[in-house]
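>>> take this sequence and fold it.
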Amino acid sequence: MSGAATAGSSWRLVVAMAVAAAVTAACMATHPIPSAHSFGPQSTPASTAEASASAPTPTPTPAATAPATPTTTATPETPAMPTIGLAPSGDWKSLNWIHIQGGLAARYPTIVPDVLATMDDGTQIDEEGPNVFLGGVKGGYIQLLWDPFQRTWTPWLSADALAWRQGPAFDISAWASDFANWDKVATDADTRTACGVTVGDFVQAANGIVVRASFECQGGCGDAYESAPAWWTSTNGLTWTPADLSSTFGKAGITTISGGANGFIGLTENSKASWTSSDGHAWRKGTVPANAYRVSLPVSMNGGFVIAGVVRRPTAPPPDAGRCMTVPEVDQAGTVATVWWSKDGLTWTPQSLPGATGERIVMSLYRIDDHTVIAVEDSQVADPSMDTYTYWLSRDGHTWTRMTNLASDAWIPVEGSDRGLIDMWGSPGDRYFTIDRDGSARELTQSGAVPQTPSVTQEFVGPVGLLVTDGTSFWLGVPSAS
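Presented below is the predicted three-dimensional model:
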C-alpha cells in the first residue's frame, strides 16, 4: 500500500518536489530551457487568516552564483476568481470542482516550468516532478515554489486557495557549499539548473510548523547529487527560520515526523526511541513500547500520540526469513498486531484491536486529521498480490473500530487540519471518500471540472475544500452537504 507509515521501515510520505532533470544527450535526451517564466503575482490583498503575518519582499539567499535567469514575459490577462465560502461543518456528500490553470489565474503564483526531456519519439516528459510543494497550515493552504534558475525557494499562503500571499524566500545558505560543488562539475547550463527540492517533512502542530528538505541535482546518465537534509521552523507559514535539528537528534537520526494537536513526534532511525516537541524548536527524547517487536512510524493526534506495531507470541517459533522479497523489515511469523497510546511519548499503553489476526504482518498508521487515525494490518503471504488487509479507525487513539467497507489497498490519506479525506486512485480520475461519524468510509459524488489526470500527486483539505495539483494546473473541490 502506498502512503503508509509501515512498521520497522523507513517509509516516508515524501512529495517529490522538483528536481528539474537534465540528462545528457548521450543518455537519452536534450533539454530545452524555457524561454520565459513568471514567478508569482505582483501584489495581492491579504486574507483575514493571513493579516497577522508580514510578507516583505523576498531577499536573495547567500549561495553559489546561480545560472542566468531566462527572459521573463508578462502574465496573460486572466478572468476574475469566484468567491468561495467556508466548507460545511457537517457531513460532506459531494465535491464540485473548479479548474484553476496554474499560473494563469488572477493572483495565483506561477510555477517555474521544469526543463523537459525530449524522447526519441519527440514527446517531452518531466522526469522528476513539479517545482511546487502543496500542503496546508491551520486556516489555509501553502505552496513552496522552487525556482531552479534563481535557486530560490518561496512560500505562498492562502486562506481560500484563490488569492495567495507571498512570503520571504527561504534562507538556503545551508546548501551553499553543495551548490558550489555541483557547479564545479556541471558541464552545461541545463545541468546547472537540474537541481530541485524534495520535502521529507512538512508538519504542523498548535505552536509551530517544521519543514525538512534536501536538494538533488541530476547529471548525465542517471548521475545524481543529494545534499544532507536541512530544517526550518515557522509560526505562520510565511516566514521561516533555519533550525539545526540534525545535531539535536544526533547519529541515531529521526524518521518522518508527525504533527498534530498534541505536538510533534518522530522515531529514531533504529526504532529505539522517540522524540517529541510542542513547538518544533525544543525536543525531548522519549521511548517506544518496551515489549514491541517492531513499531511503525508514530502519529500525533488530538490528546496524544499513537504508535502501531507487533509483539511476539510467547510460544512463537524462531524468526524465519519470511517471503522472498527485498524488504528486510517485514515481520516474521508468530506476531500479534498492537497499537499503543501515549500522552507524552514516555509512557505507552496498549490498546485493543478487535479481530487482529496476527502471524506474518506489518502494521501501519494513517493520520487523516487530528481526530481520525486509521491502523492497517497487512497479513503477508508468499505472493504480495494476495496480501489481506484489516483496517481499524479511532477518533481518540483509545477505542478502535473495524472498518469493513474499505476494501482496496490502493488509497492514500489526504490530510487536513480539521478534516481529511481518503483518495482512492484510478482511471480516469481519483475517487474521494469521507469518514462519516459512524466510522464508515463513504464516497463523495463529483461534478464540475473533475480532474481527469492520473498524475494528481499533491493535495490538501483546507478551510474551503480539497485543493489538488499535478504540478502544472490546480483543481479546487468545493464540498457540499447535499
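>>> torsion angles phi and psi at G303?
In terms of degrees, to the nearest 10, the main-chain angles of G303 are phi 100, psi -20.
>>> hmm, I typed the wrong one, I wanted N291.
For N291, the backbone dihedrals are phi -100, psi 10 (criterion: degrees, to the nearest 10).
>>> now for it, how many residues are close by?
N291 has 12 neighbours, counted by other CB atoms under 10 Å. C-beta: built from backbone N, CA, C; applies to glycine.
>>> could you look up the SS state of the nearest residue to it once chain neighbours are set aside?
Once flanking residues are discounted, N291 sits nearest to V311: 5.4 Å by CB to CB, 6 or more residues apart in numbering. The assignment at V311 comes out as strand when based on DSSP: H, G, I helix; E, B strand; the rest coil.
>>> and V311, what's its pLDDT?
Reported pLDDT at V311 in the predicted model: 87.
>>> give the contact list for it.
V311 sits next to 291-293, 335-336, 338 when contact means CB atoms under 8 Å, 6 or more residues apart in numbering.
>>> and the furthest pair within those residues?
Among the contacts of V311, the pair separated by the greatest distance (CB to CB) is N291 and T335, at 11.7 Å.
>>> give me the distance between E269 and R419.
32 Å (CB to CB, to the nearest Å).
>>> let me fix that, I meant to ask about L476.
15 Å.
>>> got the CA coordinates for the helix or strand in which V339 is found in CSV?
Per DSSP states H and E: V339 is located in strand 335-342. Extracted as CSV, the C-alpha positions of strand 335-342 are listed here (Å, rounded to 0.1, in the frame of the first residue of the first chain):
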residue,chain,number,x,y,z
THR,A,335,3.4,-11.8,15.9
VAL,A,336,0.3,-10.0,17.1
ALA,A,337,-0.9,-6.6,15.8
THR,A,338,-0.9,-3.9,18.5
VAL,A,339,-1.4,-0.2,18.9
TRP,A,340,-0.2,1.9,21.9
TRP,A,341,-1.3,5.3,23.1
SER,A,342,0.8,7.9,25.0
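>>> now that strand: mean pLDDT?
91.
>>> then stretch 347-365?
The model assigns stretch 347-365 a mean pLDDT of 85.
>>> quick one: end-to-end distance for it.
19 Å (CA to CA, to the nearest Å).
>>> what do you get for stretch 393-401?
End-to-end span of stretch 393-401 (CA to CA): 5 Å.
>>> what's in contact with it?
So stretch 393-401 is in contact with 301-306, 339, 341, 351-354, 371-375, 392, 403, 435, 439, going by CB under 8 Å, 6+ apart.
>>> any buried residues in that stretch, and which?
393-397, 400 (16 or more other CB atoms under 10 Å).
>>> quickly find the element holding F170.
With DSSP H and E as the criterion, F170 is inside neither a helix nor a strand.
>>> my read: it touches W231, true?
No. If you go by CB atoms under 8 Å, F170 and W231 don't touch, sitting 11.1 Å apart.
>>> between those two, which has more neighbouring residues?
For F170 versus W231, the count of surrounding residues by other CB under 10 Å is larger for F170: 25 against 22.
>>> can you pull the contacts of the more buried one?
Contacts for F170 (CB under 8 Å, 6+ apart) come out as 61, 144, 152-155, 232, 240.
>>> skip the chain neighbours and tell me the closest residue to T241.
T233 (5.6 Å).
>>> go on, L86?
For L86, the closest residue by CB to CB, 6+ apart turns out to be P463, at 5.6 Å.
>>> OK, contacts around the one you found?
49, 86-87, 139-140, 159-160, 418.
>>> measure W175 to V197 for me?
9 Å.
>>> ok, longest helix in this protein?
The longest helix of the chain (DSSP state H) is helix 176-185.
>>> let me know the helix or strand that the closest residue to D244 other than its chain neighbours is in.
Leaving aside its sequence neighbours, D244 sits nearest to W231 (CB to CB, 6+ apart; 7.1 Å). Following DSSP H and E, one finds W231 within strand 230-234.
>>> what mean pLDDT does that strand have?
pLDDT averaged over strand 230-234 gives 95.
>>> tell me where the stretch 251-400 of the chain is predicted with low confidence.
314-333, 358-359, 381-385 (pLDDT under 70).
>>> C195 bridge partners, please.
C217 (DSSP bridges).
>>> ok, for G462, nearest residue in space, not its chain neighbours?
Y141 (4.7 Å).
>>> quick one, what contacts that neighbour?
134-135, 157-159, 161, 460, 462, 467.
>>> what mean pLDDT does the longest helix of the chain get?
Here the average pLDDT along helix 176-185 is 88.
>>> packing partners of that helix?
Here helix 176-185 is seen to pack against strand 224-226 when contacts are counted using 3 or more CB pairs under 8 Å, 6 or more residues apart in numbering; DSSP states H and E.
>>> neighbouring contacts of the strand it packs on?
With CB under 8 Å, 6+ apart, strand 224-226 has contacts from 178, 181-182, 214-219.
>>> again, but for stretch 410-426
If you take CB under 8 Å, 6+ apart as the criterion, stretch 410-426 is touched by 1-3, 87, 136-139, 204, 366-370, 372, 374, 406, 408, 430-435, 441, 444, 454, 459-463, 466.
>>> buried subset of the residues you listed, written for ChimeraX?
In ChimeraX, this line selects whichever of the contacts of stretch 410-426 come out buried by 16+ other CB under 10 Å:
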select :1,3,87,136,137,139,204,366,367,368,369,370,372,374,406,430,431,432,433,434,435,441,444,459,460,461,462,463,466
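>>> give me phi/psi at T187?
phi -100, psi -10.
>>> again with the one 5 residues further on
With angles defined as degrees, to the nearest 10, R192 shows backbone torsions of phi -60, psi -30.
>>> burial measure for it, as a count.
R192 has 23 nearby residues by other CB under 10 Å.
>>> wait, it sits on D183?
Yes. In terms of CB under 8 Å, R192 counts as a neighbour of D183; the distance is 6.1 Å.
>>> ok, back up a step: ok, L476 and R419, which is more surrounded?
L476 (25 against 22).
>>> give me the local confidence score for T61.
pLDDT, T61: 42.
>>> go on, the one 4 residues further on?
Looking at T65, its pLDDT reads 46.
>>> what's the answer for the one 10 residues further on, then?
The model reports T75 with a pLDDT of 40.
>>> what number of residues lie near D387?
Neighbours of D387 (other CB under 10 Å): 16.
>>> same thing with the one 4 residues further on?
Using other CB under 10 Å, Y391 has 21 other residues around it.
>>> for A206, same thing?
13.
>>> burial count for the nearest residue to it once chain neighbours are set aside?
In space, and not counting its chain neighbours, A206 is closest to A261: 6.0 Å by CB to CB, 6+ apart. Using other CB under 10 Å, A261 has 16 neighbouring residues.
>>> and for F215?
27.
>>> can you give me the strands for the stretch 201-350 of the chain?
208-218, 224-226, 230-234, 241-243, 258-260, 263-267, 274-277, 283-285, 294-295, 299-301, 304-312, 335-342, 349-351 (DSSP state E, counting those that start in this stretch).
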